[in-house]
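Task: produce atomic coordinates for the following.
(2 chains)
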Amino acid sequence: MIKAMKPSRLAAAATAIVLALGAPVLMAQQKTSIKVGFVTFLSGPAAGPFGVPARQAAEAIVESLNAGKAPAPYQIKGIGGLPLELVVIDEAGGATKQVSEYRTLVQRQEVDFVIGYIGSGDCLAIAPVAEELKKLTVFFDCGTPRIFEEASYKYVFRTRPHATMDAVAATLYLLDNRPAVKRIAGINQNYAYGQDSWNDFEATIKVLKPEVEIVTSQMPKFGAGQYGAEISALAGANPDVIHSSLWGGDLEAFMLQAQPRDLFKKNILVLVAGEPYLHRLPGKIPDGTVVGARGVNAVFAADSPLKRWLTDLYKAKAGIEPNYPAYSVANAFLGVKAAWEKAAAKKVGSAIPMGANKNVKEEMEKAYAPPTQEEVIAMFEKLSFDTPSGKVQMSLGKGHQAVTGTAYGTTRFENGVVKVGNIKYYPAERVNPPEGVSSLDWIKSGFRATAK
Amino acid sequence: MSVHRTSVALVAAAGALLALGPVIPNWAVSLVNVSLGIGVVVLGMMVLMRTGLVSFGHGLYYCLGAYAAGLASNRFGAPDMLAMVAGGALAALLVSAVLGLLLAKYREIFFAMLSLAFSMILYGLLVKSADLGSTDGFNVHAKSIAGFAVEGDAHRLGVYSVIVITAALCALLLDAYLRSHRGRLAEAIRDNELRVEYMGASVFATVHLNYVISAVLAGVGGALMAIHIGHIDPEMTYWPQSGEFVFIGILSGTGSVFAPLLGSVVFETVRSYAYEKSPDTWQMVLGVTMLMVIVFLPGGLWSLASRLRGRPDSARTGG
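Numbering: from 1, shown residues only, chains lettered A, B, ... in the order given. Below is the predicted model of the structure:
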């Protein structure tokens, strides 16, 4: 069939359509599917708020992509015409076990690439192993900036922005809306993410408004559950603003215990990672609380065919609106898909000078074979692609770390649901450090530092 | 007689593993590395179990060993595998020699809980140390073996060889100790401390020594794991990790120095396939495995070996 066609016509044909229709025929003896390792918390405290929603999103996204139901530019079935097959692994057990499981996934299961990891410690541990095993690995959710600031990787990508943006935008939003704040307090879990979140916030606000006073910083242990002492300390310090990166059961417990004690009567609560809980806290979240979704995700995402696509498929699977982990998963899958298909199109586009070669069949087979991992990576670096949360640009970490804009809003309780209003958007370059500068240095330099 | 046999078998097994190293698939290398790294810690658990003690806090020395190795590599400019292992052993030795003075006076649940408490103190300290990465920990990369730089495939095989040889050495030395006069006292103490004292031996000194030995083994295991995994975090001293050592210890049995190493391989294999085949219920697979062993093989997996040889479980087994 291919032989009978004129090569010039082939070249003219839209590469995407040919890929979708022609590729499976050509690759009958080669690749018939793409195996994706997907690692997320299925047990432990992070499973409920992040891990399981991420898994549901991943499964629904794979079904939809395989059926070719995604909107443009992702309408090609699966990835590059090949259906996706998920291998799901529990992220529980700590970095030591995750490294072993990652090796199993890559070497025993022979997955084509890995998408995963919510825990920052897991991401830090996996990155060098991905490099050693030379396997494309995309982190979809973990937040620590250390990954690409302390090292650089060829096979590792992260399709969500790192956590610094959350603190910087929260401060900007706060000062935009309440420029008179003076007394700042914090309650954050005593583990890496909680400490980083508070340190970034504290550093940012001290740069932008040096006269503020930090009245107290409470650091309850992770999973504490009881916050009586912290609530007393916060109330006693009489702050204008309470910053918190609490999440999951800890956030819910804190809100339930703080509300009856009128902790939030006189101050503004800033919940950096508050978005996934809005539907769980009707009536328990005070009006005027500042919430973020760690990117332009969920309630902050502008209406688009991609957002409607994600919302519909997630609702059909989970029965509720997708939260930010679901958006993060979508970004990871769409990022790989965009890079893969771009690499495939480039191969076809730069195939033989059409009509000049005798070995047309062989050359065409080569051109239409799935791109190699190296070719996908070359396209993934510095890629800019569309997602349900808008444009994602892989511009940090030598093209391996995404940046996006972000948004914050204020809650109000209306007709039994928590709504988010007064939404402000902050463009990527305003809330992310430039390439080559560490996040904390950038903040401390008053957002002026540039790479030497 | 059995002296000779265990040592010969250990050397032969280590030799066979070393020869297989370049041939077996990469994931199997990783499985052996993890199993033996953990296995060395469980060797330490075996010494304690023979003494009649169960520690729910051996994560303390496992983690100390790993952090000592990590700091030796990242902060003190010694990214050499042997230096890292030595650092891990030394850190565990120093801390256990002191803590042992207190712990050697306690038995049963009091010993178990006190050791748990010390391990959680280290956890608390590490979580508060932002400089060491708090709960995220930090990456470690060993660059050489005894001064010879290794990279790529040589690094992979180097790590494997260091782990196999270290584990075999630990097992050899431990086996020699357990056969010595002092070593044999362990079971006597488990059975009747008073009679041991009447015989003129010091129960306290023996328990203290056994505690230090088990801690050093845990430190070495931690350092080996830091080298293999390339990342360390406070999870290594969190209580489920210590519980896992007890779990493998019971699963293995205390009949021979082979038991913890083999038991560890079995545990790692079961766990890895459980993760892969039933991501939602892997915990249940492990639980059921444990239950079966307790019900059908109360002496641990090793009692299966003695049964197969037609020997009843001797006093050496038990646990």
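
Retrieve the pLDDT associated with residue 240.
Looking at chain A here, since you left the chain open. Predicted confidence (pLDDT) for A:Asp240: 91.

hmm, I had chain B in mind actually
pLDDT at B:Pro240 comes out at 88.

tell me the SS of it?
Three-state call for B:Pro240 (DSSP: H, G, I helix; E, B strand; the rest coil): helix.

Let me know whether A:Glu202 touches A:Gly186 as I believe.
Yes. Counting by CB atoms under 8 Å, A:Glu202 does reach A:Gly186; the two are 7.3 Å apart. All C-beta atoms are positioned from the backbone trio N, CA, C, and that covers glycine.

higher neighbour count, these two?
With neighbours defined as other CB atoms under 10 Å in any protein chain shown, A:Glu202 and A:Gly186 compare such that A:Gly186 has more, 24 against 19.

could you list every residue that touches the more buried one?
By CB atoms under 8 Å, 6 or more residues apart in numbering or on different chains, the contact list for A:Gly186 reads A:198, A:201-202, A:214, A:216-218, A:242-244.

and if you look at B:His231?
Applying CB under 8 Å, 6+ apart to B:His231 gives the contacts A:95-96, A:99, A:121, A:124-125, A:128, B:137-140.

cutoff 6 Å now
Counting by CB atoms under 6 Å, 6 or more residues apart in numbering or on different chains, B:His231 touches A:95, A:125, B:139.

Now the phi/psi pair for the second one, please.
Looking back up the chat, that one is A:Ala125. phi -70, psi -40 (degrees, to the nearest 10).

What is the neighbour count of it?
Other residues within reach of A:Ala125, judged by other CB under 10 Å, total 28.

Next to chain B in this structure, residues from the stretch 351-452 of chain A, please.
Applying CB under 6 Å from any CB of the partner chain, one finds that the stretch 351-452 of chain A does not approach chain B at all.

Nearest to chain B: which residue in the stretch 351-452 of chain A?
Nearest to chain B in the stretch 351-452 of chain A, going by CB to the nearest CB, is A:Leu440, at a distance of 11.3 Å.

Pull up the gap between that residue and A:Asn199, please.
Separation of A:Leu440 from A:Asn199 (CB to CB, to the nearest Å): 7 Å.

what's the answer for A:Trp247, then?
17 Å.

and those two? which has more neighbours close in?
With neighbours defined as other CB under 10 Å, A:Trp247 and A:Asn199 compare such that A:Trp247 has more, 22 against 18.

low pLDDT regions in the chain?
No chain specified, so I'll use chain A. A:1-30, A:282, A:352-358, A:449-452 (pLDDT under 70).

I was thinking of chain B, sorry if that wasn't clear
B:1-4, B:310-319.

so is the residue most central in space within chain B in a helix, a strand, or just coil?
Residue closest to the average C-alpha location in chain B (CA atoms, centre = their mean): B:Val41, at 0.8 Å. What three-state DSSP gives for B:Val41 is helix.

Not counting its neighbours along the chain, what's nearest it?
Closest residue in space to B:Val41, ignoring its immediate chain neighbours: B:Gly221 at 3.6 Å, by CB to CB, 6 or more residues apart in numbering or on different chains.

again, but for A:Pro305
A:Pro71 (3.9 Å).

in stretch A:229-237, what's buried?
Judged by neighbour count using 16 or more other CB atoms under 10 Å in any protein chain shown, the buried positions of stretch A:229-237 are A:230-231, A:233-235, A:237.

Ok, stretch A:345-352 next?
A:345-348, A:351-352.

again, but for stretch B:212-224
B:212-224.

Could you do stretch A:85-92 as well?
For stretch A:85-92, by 16+ other CB under 10 Å, it's A:86-92.

I'd like to know which of those is nearest to B:Asn74.
A:Glu91 (25.4 Å; CB to CB).

picking that back up, who are the contact partners of the residue nearest to A:Pro305?
Neighbour list for A:Pro71: A:305-306, A:309 [criterion: CB under 6 Å, 6+ apart].

Closest to chain B out of the residues you listed?
A:Trp309 (26.5 Å).

Tell me how many other residues crowd the closest one.
Neighbour number of A:Trp309 under other CB under 10 Å is 18.

Relative to A:Pro83, how far out is it?
18 Å.

And B:Gly39, by the same measure?
41 Å.

same check, this time on A:Arg448
To A:Pro83, A:Arg448 is 49 Å away according to CB to CB.

Which one of the two is surrounded by more residues?
A:Pro83 (16 against 10).

thinking again about what came up before, tell me the secondary structure at the nearest residue to the residue of the stretch 351-452 of chain A closest to chain B once chain neighbours are set aside.
Nearest residue to A:Leu440, sequence neighbours excluded (CB to CB, 6+ apart): A:Ala203, at 6.5 Å. Following three-state DSSP, A:Ala203 is assigned to helix.

thought A:Ala203 was touching A:Asp441?
No. Look at A:Ala203 against A:Asp441 with CB atoms under 6 Å: they stay out of range, at 10.1 Å.

quick one, which of the two is more surrounded?
A:Ala203 (19 against 11).

Name all residues that make contact with the nearest residue to A:Phe201 once chain neighbours are set aside.
Spatially, and ignoring its direct neighbours in sequence, A:Phe201 is nearest to A:Ala167 (4.3 Å; CB to CB, 6+ apart). For A:Ala167, the contacting residues are A:200-201, A:204, by CB under 6 Å, 6+ apart.

and if you look at A:Ala339?
Contacts of A:Ala339 (CB under 6 Å, 6+ apart): A:376, A:379-380, A:383.

The closest residue to A:Gly223 other than its chain neighbours: neighbour count?
Ranked by CB to CB, 6+ apart and with sequence neighbours excluded, the top spatial neighbour of A:Gly223 is A:Pro45, at 6.0 Å. The tally of other residues near A:Pro45 (other CB under 10 Å) stands at 16.

repeat for the one 3 residues further on
Using other CB under 10 Å, the number of residues around A:Gly48 comes to 16.

where do the strands sit along chain B?
B:138-139, B:144-145, B:148-149, B:231-232 (DSSP state E).

Most tightly packed of those strands?
strand B:231-232 (a mean of 30; mean count of other CB atoms under 10 Å in any protein chain shown).

Distance of A:Ala233 relative to B:Gly221?
Taking CB to CB, one finds A:Ala233 at 41 Å from B:Gly221.

Validate this expectation: A:Gln393 resides in a helix.
No. Under three-state DSSP, A:Gln393 sits outside any helix and is assigned strand.
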